[in-house]
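Trainee: take a look and give me a structure for this.
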Amino acid sequence: MQDRFDIDGFLPFRLDRVAERLSAHFMRFCGEGVEISWAEWQVLWSLGERVHTTAKAICGHSGLSKTKISRAVKALEDRRWLERHRDRDDRRFELLAPTAAGVEAYAQLKRRALDYQVWLEGAIDTPYLKAMVEGLSGVEMMIASGQLRSLSEEPVE
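Mentor: Model (predicted):
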């Protein structure tokens, strides 16, 4: 057992660092004037694909906090990429919808994301990419199925 903690080997840190760097690289790939946070991208994707229409549903799908999604909704609203409407059936909920400008922005980002994915698949050696995709899928399945329990649920030895 290793007694010394090395943050560079800590999996959550490594995943976050790689995600941040890839996200920044993707924004540069998109070109000048395109700066969108991961939370904003998640909201825009949900609305563009018509997967979720409430901030709460987007939080549940993305795993991002309510605060991050709320800030993203506000930022997209300020850009005039989305609008909010009260749900007629349940006034406690706001339904989110992309504006025409939001639909166009999403279409452009989606095209660039597809181009970037193709570029990444060519830039990363196939065995590494396959191992990374399979590894992430495995961790996601463990989390979704409850196999990766919180520390408080782990048996004490």
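Trainee: do you have the helices of the chain handy? List them.
Mentor: 11-30, 38-48, 55-62, 66-78, 100-123, 126-145 (DSSP state H).
Trainee: okay, now the unreliable bits of the chain?
Mentor: 1-2, 150-157 (pLDDT under 70).
Trainee: just tell me which of the helices of the chain ends up closest to Glu94.
Mentor: Evaluated with C-beta to C-beta, those place helix 55-62 nearest to Glu94, the distance being 7.2 Å. (Glycine included, C-beta is placed from N, CA and C.)
Trainee: which elements pack onto the closest one?
Mentor: In this structure, helix 55-62 makes packing contacts with helix 38-48, helix 66-78, strand 94-98, judged by 3 or more C-beta pairs under 8 Å, 6 or more residues apart in numbering; DSSP states H and E.
Trainee: mind putting these into TSV with mean neighbour count and distance to Glu140?
Mentor: Compiled in TSV, those are given as follows (neighbours: other C-beta atoms under 10 Å; distance: least, C-beta to C-beta, whole Å):
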stretch	mean neighbour count	distance to Glu140
helix 38-48	22	16
helix 66-78	17	19
strand 94-98	17	25
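Trainee: now those in CSV, with distance to Ala105?
Mentor: Formatted as CSV, the helices and strands packed on helix 55-62 follow (distance: least, C-beta to C-beta, whole Å):
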stretch, distance to Ala105
helix 38-48, 7
helix 66-78, 9
strand 94-98, 8
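Trainee: so which of the ones you listed gets nearest Trp119?
Mentor: helix 38-48 (17.4 Å).
Trainee: quick check: closest non-adjacent residue to Leu82.
Mentor: Leu76 (4.6 Å; C-beta to C-beta, 6 or more residues apart in numbering).
Trainee: so for His85, which of the helices and strands packed on helix 55-62 sits nearest?
Mentor: strand 94-98 (5.0 Å).
Trainee: show residues contacting the closest one.
Mentor: 43-44, 47-48, 53-55, 58, 73, 81-87, 106 (C-beta atoms under 8 Å, 6 or more residues apart in numbering).
Trainee: quick one: neighbours of the nearest residue to Leu148 once chain neighbours are set aside, just the number.
Mentor: Of all residues not flanking Leu148 in the chain, Met142 sits nearest, at 4.3 Å (C-beta to C-beta, 6+ apart). Neighbours of Met142 under the rule other C-beta atoms under 10 Å: 12.
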